[in-house]
Each structure stands twice: as C-alpha cells, then as structure tokens.
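Colleague: build the 3D model from these lines:
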Amino acid sequence: MDFFNSVIEFFQTGGTFMYPILVVAALGGAVAIERFIRLHYERHTNRAMWDKLQPVLASGDFDRARNLVKQDNSSVSKLLSMGLARQGAVRRREDIEIAMEESMMEITPQLEKRTPYVALFSNIATLLGLLGTIMGLIEAFTAVANANPAEKADLLSASISVAMNTTAFGLMTGIPLLIVHALLNSLTGQIIDSLEMVSVKASNLIDSSTRRRFEMDAPKPEKQPGEQSANEVETEELQTETA
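Modeller: Predicted coordinates for the structure are as follows:
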C-alpha cells in the first residue's frame, strides 16, 4: 500500500507533463503487445504450414500444394503461392525464384508494420520528460526570484526535485520501449530469414521434382531394326576376346 501511495505521489508532483508521457507509454505498450502477438502467431503458423507443405513438394504433388496454400493465410503460403503458380506455366527455376522474391517484397513490410512506432514513442517519452524538467526549472527559478532570501535554498531544492520527476518518468518509459523495439526487430528478422530459407528449399524441391517428372515423361528412343544396344555391343566384344 505504501508503494502504491508513493507512485501516486510521484506522479502527482511531477506536473502536467506526466500525463502526456503516460499516454505515450500506453500507446507504445499497446503497439508492442500487438506486434509480439502477431509475430509469434506468424512464426507458429509458418512453421506448421511448412511442415505440412514440405513432404507434398518433395513428392511432386503440386496440385495438392496449390490447394493447401489457397486455404491458408500464413506468410509461407503467400510466398509459395506465387512460386507454385509459376511452376505450372514455366520450367525455368529463375522464373519461380523471381516470383517468390516479388512476393517476399510484399510480405516484409507487413511483418515490419508499426514496429518503428515503438522506437518513436520511446524517443517522445524521453524528450517529454526533459521538456517537463526544463519547464519545471523555469517555473522554479521564477518563483525563487521573488521569494524570501532565507527560503530560497529550500524552495529551489524542492522545486528542482519535483521537476526531475518528469525526466525520471520519461526515462522509465523510454528505456523499456527501446528494449522492446530491439526484441521486435530481432523477432522480425528471424521470421524474414526463415522465409528466405523456405524460398530456397521450396525452389530446390520444385526444381528436382519437375526434372524428375520431365525425365519420366520424356519418350525413350526406340531401337531401330539392325541397331544394337550398348549392352549387346559390349557382350559381343567380350565373346570375341574370349574366343
């Protein structure tokens, strides 16, 4: 209870600039929580979808893979949908990779969305704290100028102590938001790196499956009348040497 009363007293004696800092802290915290939930959800759904798609791509069942990505809204599905769409129209690996790179350029801004606001709110909170302290010092020195000389020292020290509350509150808001911003950037970078890895793995699987299917569907050369196969030629050569 004493701690709660101390916090209330600290906030009340800080002056009017404590309220804007509190609003900035609330906005920054809301954005940070929303981003953390969204990015953790993206990482979980991407991992689950890739575990489901990888064996399908390895088997060469591209029609089933297209149906799976159409039914899902994860970043992995958006990324691979472009590559699988090109797979049915072209054979070159470069075209499939370019399609997935284009999709990656659309996905990345969505992952980084609103994260810079956390750093912005951190800077605003710190600057508001400094501004509140400066305004409090100006008021303190103005009041001391007309005060009794015997009371000037006590009045000035008390006024400076109150003015410093805004700086302390600004730093208490700005430092955690700055740390949270770094964590969000790290999490976003991990998701982007995993998507790039998925893009490379999917390209390799699509390319190998397409080549294997092309080789199986390619017509084998028919043997012409009187033409000997390589095995028959080798057999006749061995028989001649033995004789």
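Colleague: quick one: residue 164 and residue 132 touch, right?
Modeller: No - distance between residue 164 and residue 132: 9.4 Å, which falls outside the contact criterion (Cβ atoms under 8 Å). All C-beta spots, glycine's among them, are computed from the backbone N, C-alpha and C.
Colleague: what segments of the chain are helices?
Modeller: With DSSP state H as the criterion, the chain has helices at 2-12, 18-59, 62-70, 75-87, 93-112, 115-145, 152-217, 230-242.
Colleague: let me know the angle separating the longest one from helix 115-145.
Modeller: Put simply, helix 152-217 runs at 180 degrees to helix 115-145, going by axes from the mean of the first three to the mean of the last three Cα atoms, to 10 degrees.
Colleague: what does the third one give?
Modeller: Using the same axes, to 10 degrees, one finds that helix 62-70 and helix 115-145 are set 20 degrees apart in direction.
Colleague: check the first one too.
Modeller: Relative orientation of helix 2-12 with respect to helix 115-145: 80 degrees, computed using the same axes, to 10 degrees.
Colleague: and helix 2-12, what does it pack onto?
Modeller: If you count contacts as 3 or more Cβ pairs under 8 Å, 6 or more residues apart in numbering; DSSP states H and E, helix 2-12 packs onto helix 152-217.
Colleague: distance check, the closest residue to residue 93 other than its chain neighbours against residue 29.
Modeller: Once its chain neighbours are removed from consideration, residue 93 has its nearest residue in residue 207; the separation is 4.8 Å (Cβ to Cβ, 6 or more residues apart in numbering). With distances defined as Cβ to Cβ, to the nearest Å, the gap from residue 207 to residue 29 amounts to 46 Å.
Colleague: so what's the residue count around residue 67?
Modeller: 13 (other Cβ atoms under 10 Å).
Colleague: the one 5 residues further on now?
Modeller: Counted with other Cβ under 10 Å, residues neighbouring residue 72 total 19.
Colleague: got a list of what it touches?
Modeller: Applying Cβ atoms under 8 Å, 6 or more residues apart in numbering to residue 72 gives the contacts 45, 49.
Colleague: again, only using 6 Å
Modeller: Contact criterion Cβ atoms under 6 Å, 6 or more residues apart in numbering gives residue 49 as the residues in contact with residue 72.
Colleague: quick check: the gap between it and residue 170.
Modeller: If you measure residue 72 against residue 170 using Cβ to Cβ, the figure is 44 Å.
Colleague: contacting residues for the residue most central in space within the chain?
Modeller: Compute the mean C-alpha point of the chain, and by Cα atoms, centre = their mean the closest residue is residue 188, 2.0 Å away. Counting by Cβ under 6 Å, 6+ apart, residue 188 touches 111-112.
Colleague: same question, the one 10 residues further on
Modeller: Contacts for residue 198 were tallied using Cβ under 6 Å, 6+ apart; they are 50, 76.
Colleague: change it to 10 Å
Modeller: The contact partners of residue 198, taken as Cβ atoms under 10 Å, 6 or more residues apart in numbering, are 46-47, 49-50, 53-54, 75-76, 79-80, 100.
Colleague: adding distance to residue 203, pLDDT and neighbour count as columns, could you present those residues in a markdown table?
Modeller: Converted to a markdown table, the contacts of residue 198 look like this (distance: Cβ to Cβ, whole Å; pLDDT from 0 to 100; neighbours: other Cβ atoms under 10 Å):
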| residue | distance to residue 203 | pLDDT | neighbour count |
| --- | --- | --- | --- |
| 46 | 17 | 91 | 20 |
| 47 | 19 | 92 | 14 |
| 49 | 17 | 90 | 21 |
| 50 | 14 | 90 | 21 |
| 53 | 13 | 88 | 23 |
| 54 | 13 | 88 | 15 |
| 75 | 17 | 89 | 25 |
| 76 | 14 | 90 | 25 |
| 79 | 11 | 88 | 27 |
| 80 | 10 | 87 | 31 |
| 100 | 7 | 86 | 26 |
